[in-house]
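**Student:** predicted model follows, preceded by the sequence.
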Amino acid sequence: ITAEANGAEELLLTEPIKNLCTRFNNQVPIAVVQGAKGSGKTFLYRQLIEKGNWNSFCGEINKKRVRNDNGFFVPVLAPQNISKLRNVLDECIDKFNIAVPCAMVSYSVYNENAYKLDLNVNNETDWMSFWEQLFVNSVNEEIFRSLTQLNEELKKEQKTIVFLIDGLEEILKTVSSNKNQQKAIEVLCQGVLNTIASKYENIGLIIFLRSDMAQNAITVNYEQFKQAFNYAELKWSSDEALKLAVWLVSHAVSNFYQETAPVENASQEVIDQYLEKLWGLKLGKKDSNEAYSSRWILAALSDFNGQLQARDIIRFLKYASVYNGKKPPYNDRILMPAEIRNAVSNCSKDKITEIKAEYENLKPIFEKLENLPFDKKTLPMYLVMETEALSQPGFSALLEIVRSEDFRTILQGQTGYNVTRTGELLSL
């Protein structure tokens, strides 16, 4: 379930998206959009490039006709798994090259830039110069040598542009322990971004960044940095997650949602009515002692901090909608209790697979967990690490990961043990 492979004609308007458009309604955006894995960063990135320019995107969100298109998007970096996204990226680049006379953006610009970044990830680099050259070369490497030069030309042409960056986690894979990679992100999100904001009024920049990467890279005044871009952080409250479920089903099932108000503006009472139509009031009859469906599903999909991501809801609906071959026991809902319970188990397995691929430092711990005999998968659990591992530069970062909520999710998936109910803590 990925944004790269799944587009949508509409966008569910959550608060961060509204905030972005409100704050930068009459100017090019300068923002870092943070969010956990699966929170919808790449989905929003896709929506932006599909519109081609900032004015069109804001016009769509604000339901206003745009007098003139401007704020044309340059996909400086894109997710590397872009097979389903390639056509959209090509169209965005076409629009840019047609609209901006000085532009000559290559169709492979995001791949070329990813290669350049990858070459420097482990070398001491002047990151301020690196990012500036990456940006100006993305527009036209034969003409521009600086952002000042580019900005002046854009002024003459009365054009504005917005650089877009997504997929940093696929290149900068060891930010938690690699100081050079930390510096690359720190300079991009603070030095470069602040310079563009203060000096170049015709140039914008939106960086999509996983929250843990930002925290690892920006070691001084991180809370201040986070607060500065809090308005754009992709977080899903319980209410928004439930609205997302209704919104998704409304796109999949004709005539499911029949209100005149869009889903994001519907009252909680209306949303609850449609959720009851989707998965029933309870995981059984209305007068049974079974759990209330919405509460149970939110609790089952949330992490130990009560947080869940857009992808969790999407994945859950994918599995819960699979027919098990038996006659449905209820005719007042779409999803049956048995399928709902089975879906949660499948969601846990998929999430574990994703986290394993995402965090390379977790591999030795995963191997130990997976190879343990079943009777040893109990808590408290003691994992013996080789002495050599203690001296590795990434070990302190590994400790942070083991104590993280993601790791607890993995541990629960491997052992079936729910640490929240007992209050026991994992220690290393």
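**Tutor:** Done, it's in. Numbering: from 1, shown residues only.

**Student:** what residues are up against residue 107?
**Tutor:** By CB atoms under 8 Å, 6 or more residues apart in numbering, the contact set of residue 107 is 89-90, 93. Bear in mind the C-beta positions are built from the backbone N, C-alpha and C, glycine included.

**Student:** and it, helix, strand or coil?
**Tutor:** coil (DSSP: H, G, I helix; E, B strand; the rest coil).

**Student:** just residue 73 next, same as before
**Tutor:** Quick answer, by three-state DSSP: residue 73 is strand.

**Student:** with neighbour count, secondary structure and distance to residue 55 added, can I get the contacts of residue 107 in JSON lines?
**Tutor:** Converted to JSON lines, the contacts of residue 107 look like this (neighbours: other CB atoms under 10 Å; DSSP: H, G, I helix; E, B strand; the rest coil; distance: CB to CB, whole Å):
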{"residue": "89", "neighbour count": "22", "secondary structure": "helix", "distance to residue 55": "20"}
{"residue": "90", "neighbour count": "14", "secondary structure": "helix", "distance to residue 55": "21"}
{"residue": "93", "neighbour count": "23", "secondary structure": "helix", "distance to residue 55": "18"}
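
**Student:** closest one of those residues to residue 179?
**Tutor:** The nearest member of the contacts of residue 107 to residue 179, counting by CB to CB, is residue 89 at 31.9 Å.

**Student:** which residues are in contact with that closest one?
**Tutor:** Neighbour list for residue 89: 49, 75, 78, 82, 107, 110 [criterion: CB under 8 Å, 6+ apart].

**Student:** give me the buried subset of those residues.
**Tutor:** 49, 75, 78, 82, 110 (16 or more other CB atoms under 10 Å).

**Student:** for these, which one is nearest residue 354?
**Tutor:** When the buried ones among the contacts of residue 89 are compared against residue 354 (criterion: CB to CB), the nearest one is residue 82, at 17.9 Å.

**Student:** name the next helix or strand downstream of the lengthiest strand in the chain, please.
**Tutor:** Longest strand in the chain, counting residues (DSSP state E): strand 203-210. Under the assignment DSSP states H and E, the closest C-terminal helix or strand after strand 203-210 is helix 211-217.

**Student:** rewinding a little: closest to residue 228 out of the contacts of residue 107?
**Tutor:** Proximity of those to residue 228 (CB to CB) peaks at residue 89, which lies at 29.2 Å.

**Student:** distance of that closest one from residue 18?
**Tutor:** Applying CB to CB, to the nearest Å, the value for residue 89 to residue 18 is 26 Å.

**Student:** of all the contacts of residue 89, which two lie farthest apart?
**Tutor:** 49 and 107 (13.1 Å).

**Student:** quick revisit: and the contacts of residue 89, which is closest to residue 239?
**Tutor:** Distance to residue 239, by CB to CB, is smallest for residue 49 among the contacts of residue 89, at 28.7 Å.

**Student:** so that closest one, which of the three states?
**Tutor:** Put simply, residue 49 is helix when judged by three-state DSSP.

**Student:** I figured it hits residue 75, correct?
**Tutor:** Yes - contact criterion CB atoms under 8 Å: residue 49 and residue 75 qualify, at 6.0 Å.

**Student:** joint contacts of these two?
**Tutor:** With CB under 8 Å, 6+ apart as the test, residue 49 and residue 75 both reach 89, 92, 164.

**Student:** please pull out the lowest mean pLDDT helix or strand from this structure.
**Tutor:** Here the helix or strand of the chain ranked lowest by mean pLDDT, DSSP states H and E is helix 419-422, holding a mean of 46.

**Student:** neighbours around residue 345, how many?
**Tutor:** 12 (other CB atoms under 10 Å).

**Student:** which residues touch it?
**Tutor:** Listed by CB under 8 Å, 6+ apart, residue 345 has no contact partners.

**Student:** and it, what helix or strand is that in?
**Tutor:** Counting by DSSP H and E, the element that carries residue 345 is helix 337-358.

**Student:** what's the angle from that helix to strand 203-210?
**Tutor:** Interaxial angle, helix 337-358 versus strand 203-210 (axes from the mean of the first three to the mean of the last three CA atoms, to 10 degrees): 110 degrees.

**Student:** how about helix 337-358: buried residues?
**Tutor:** 337, 339-340, 343-344, 347-348, 350-352, 354-356.

**Student:** from the chain's centroid, how far away is it?
**Tutor:** Helix 337-358 sits 18 Å away from the centroid of its parent chain (CA atoms, centre = their mean, to the nearest Å).

**Student:** just the element for residue 94, please.
**Tutor:** Here residue 94, judged by DSSP H and E, is contained in helix 86-99.

**Student:** pLDDT below threshold where in the stretch 201-350 of the chain?
**Tutor:** Along the stretch 201-350 of the chain, segments meeting pLDDT under 70 span 304-306.

**Student:** how about 90 then?
**Tutor:** Residue ranges of the stretch 201-350 of the chain with pLDDT under 90: 211-212, 219-221, 235-240, 254, 264, 299-311, 322-329, 344-350.

**Student:** could you pull out the helices in it for me?
**Tutor:** Secondary structure of the stretch 201-350 of the chain by DSSP state H, counting those that start in this stretch: the helices cover 211-217, 222-228, 238-252, 268-279, 293-301, 310-320, 337-358.

**Student:** tell me which of those sits nearest to residue 62.
**Tutor:** Taking CB to CB, helix 238-252 is the member of the helices of the stretch 201-350 of the chain nearest to residue 62, at 18.8 Å.
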